[in-house]
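In: Test case, fold it:
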Amino acid sequence: MTTVNDPVAEASRCTPEFRRNPYPVYKHLRDTAPVCPMRPPHGIDTYLITRHEDARAALTHPGLSKDMYGSLDAYRRIFGDSSVALDDNMLNSDPPKHTRLRKLVGSTFTPRRVESLRTHIKEVVGSLLDDCPTREPVDLLPAFAFPLPIIVICELLGVPLEDRADIQTWSTTVAHTGFGKEAKQAQQRAEESLHAYFTELLARKRERPGDDLLSALTEARDEEGPLTEQQLVSTAFLLMFAGHKTTAYLIGNSIHNLLTHPDQLRAVKKNPELIGQAVEELLRYDGSVESATFRYANEDLEIAGTLIPKGALVQIALNSANRDPLRFEEPDVLDVTRPSNTQSAHLGFGHGVHYCLGAPLARLETQLALTGLFDRFPRVAPADPTREPTWLEVPFPAFRGLTELPVVLDPSR
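Out: Modelled structure (predicted):
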């Protein structure tokens, strides 16, 4: 069994122990190899960045590209051909293409549109909690944490109710993919299904536009014209996938960490106005996006004294950066009253031009989910306090999330 005594091997191979608790490994690497060369299972030379200062710099480094077409062989080797058809979007592009795509999408996905959802999100939170049993154990991931962002993003995009179960199933397959043959085949089938679905749905939106985001995207245009068909399909997939997976895991992580830190939960209950600050601390402490997405060096470059050769991949460990003692005092302590709990302090939503466009929605959903749950069920407790939490063990640290969250909502009854 690999131990923390070999942190590079643990991080490179994404061992189950590392996936369950990556923070001891990240601490070793920050101290000994903050820009660490690795050879992950996909076989492409990769450099793992773990310190906050270096991660922040890498997120905006002009020598690090997110344009998948610039390193298509590596991209296909890791993600497969089916991913290429879904990934022609702002997440996987550089300026000026990225600037144009983000501007077009941002013109429809506005903070004002997000804020207008507040009352409805509260209603969805209440409805989901209505359906939960109160005196027997309930797994809050499938009952609450996942349905909330799925309902919200599907309504925002204009995905019909009857299609949402399929969307969730296909998305889960994509999120849980590994590097084995069977996993890759399952991923390909799911991505092909998502591509076909969104192609057909967008065609319906053109014929019968509604008051939804996908209809608005089909009509969005600038001096260069509208989005291409591939860009529309890819953007629809990105908004749907990123709009629910990351938020669902964040809600789950946040509930778990507040339940296991009762003093912090008491602080939020005592002062409800802390909820915004608390969510920022929960993002910093144990965010759902463990690593930033695909980047590669388009030139030889140096970060923290380490040469990264042209063509190498760069993996930026956001959750490690957010536990860096050079940036945060007592970083392994969850403190919802931390003075530096501001939206710009942590890297949970990234940094620079690729800062998460959906951050306002994720923040709003998480704040309302936590407030709704703990206001209605102030005695909620883990179903088995002695049981260790079970975390995703997918062999790539993209998401940090639980596989289940069993609680009793009202154990006093």
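In: ok, the residue nearest to Ser107 when sequence neighbours are not counted - contacts?
Out: Among residues not flanking Ser107 along the chain, Ala220 sits closest, at 6.1 Å (CB to CB, 6 or more residues apart in numbering). In short, each C-beta sits where N, CA and C put it, glycine included. Taking CB atoms under 8 Å, 6 or more residues apart in numbering, we find Ala220 in contact with 104-105, 107-108, 226-227.
In: hmm, 7 Å instead?
Out: Residues in contact with Ala220, defined by CB atoms under 7 Å, 6 or more residues apart in numbering, are 104, 107-108, 226-227.
In: Who wins on neighbours among the residues you listed?
Out: Leu227 (24 neighbours; other CB atoms under 10 Å).
In: Following element in sequence after the longest helix along the chain, please.
Out: Criterion DSSP state H: the longest helix present in the chain is helix 229-259. For helix 229-259, the succeeding helix or strand toward the C-terminus, using DSSP states H and E, is helix 262-270.
In: Could I get the CA-only coordinates of that next one as PDB?
Out: What follows is helix 262-270, C-alpha atoms only, in PDB (Å, rounded to 0.1, in the frame of the first residue of the first chain):
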ATOM      1  CA  PRO A 262     -20.700  21.600  15.400                       C
ATOM      2  CA  ASP A 263     -19.100  24.800  16.900                       C
ATOM      3  CA  GLN A 264     -19.000  26.300  13.400                       C
ATOM      4  CA  LEU A 265     -22.600  25.200  12.700                       C
ATOM      5  CA  ARG A 266     -23.600  26.900  16.000                       C
ATOM      6  CA  ALA A 267     -21.900  30.100  14.900                       C
ATOM      7  CA  VAL A 268     -23.900  30.200  11.700                       C
ATOM      8  CA  LYS A 269     -27.200  29.400  13.500                       C
ATOM      9  CA  LYS A 270     -26.500  32.100  16.000                       C
END
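In: circling back to that earlier point, which strands or helices does the longest helix of the chain pack on?
Out: Counting contacts by 3 or more CB pairs under 7 Å, 6 or more residues apart in numbering; DSSP states H and E, helix 229-259 packs against helix 147-157, helix 164-175, helix 181-207, helix 213-219, helix 262-270, helix 275-286, helix 359-376.
In: and the fifth one, what other elements does it pack with?
Out: It refers to helix 262-270. Packing partners of helix 262-270 (3+ CB pairs under 7 Å, 6+ apart): helix 229-259.
In: in the helix it packs on, what's buried?
Out: 230-259 (16 or more other CB atoms under 10 Å).
In: wait, Leu313 sits on Thr46?
Out: Yes: using CB atoms under 7 Å, Leu313 is in contact with Thr46, at 4.3 Å.
In: quick one: which of the contacts of Ala220 is nearest to Ala74?
Out: Leu227 (25.8 Å; CB to CB).
In: Show the contacting residues for that closest one.
Out: Counting by CB under 7 Å, 6+ apart, Leu227 makes contact with 104, 217, 220, 235.
In: where in the stretch 1-150 of the chain is pLDDT low?
Out: 1-5, 72, 75, 78-85 (pLDDT under 70).
In: now do 80
Out: Along the stretch 1-150 of the chain, segments meeting pLDDT under 80 span 1-5, 42, 68-87.
In: Show me where it has its helices.
Out: 7-13, 16-20, 23-32, 52-59, 72-79, 81-86, 97-106, 111-115, 118-130, 140, 147-157 (DSSP state H, counting those that start in this stretch).
In: Point to the residue nearest the middle of this protein.
Out: Centroid-nearest residue in the chain, with CA atoms, centre = their mean: Thr246, separated by 3.2 Å.
In: How about it, nearest residue that isn't a chain neighbour?
Out: Ser288 is the one closest to Thr246 (CB to CB, 6+ apart), at 5.0 Å.
In: Return the residues in contact with the one you found.
Out: 246, 249-250, 253, 399-401.
In: likewise Thr218?
Out: Contacts of Thr218 (CB under 7 Å, 6+ apart): 202, 205-206, 209, 232.
In: just Ala55 next, same as before
Out: 49, 316-318, 321, 347.
In: Mind putting those residues into a markdown table with secondary structure and distance to Ala33?
Out: Compiled in a markdown table, the contacts of Ala55 are given as follows (DSSP: H, G, I helix; E, B strand; the rest coil; distance: CB to CB, whole Å):
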| residue | secondary structure | distance to Ala33 |
| --- | --- | --- |
| Ile49 | strand | 10 |
| Ile316 | strand | 15 |
| Ala317 | strand | 12 |
| Leu318 | helix | 18 |
| Ala321 | helix | 15 |
| Leu347 | coil | 19 |
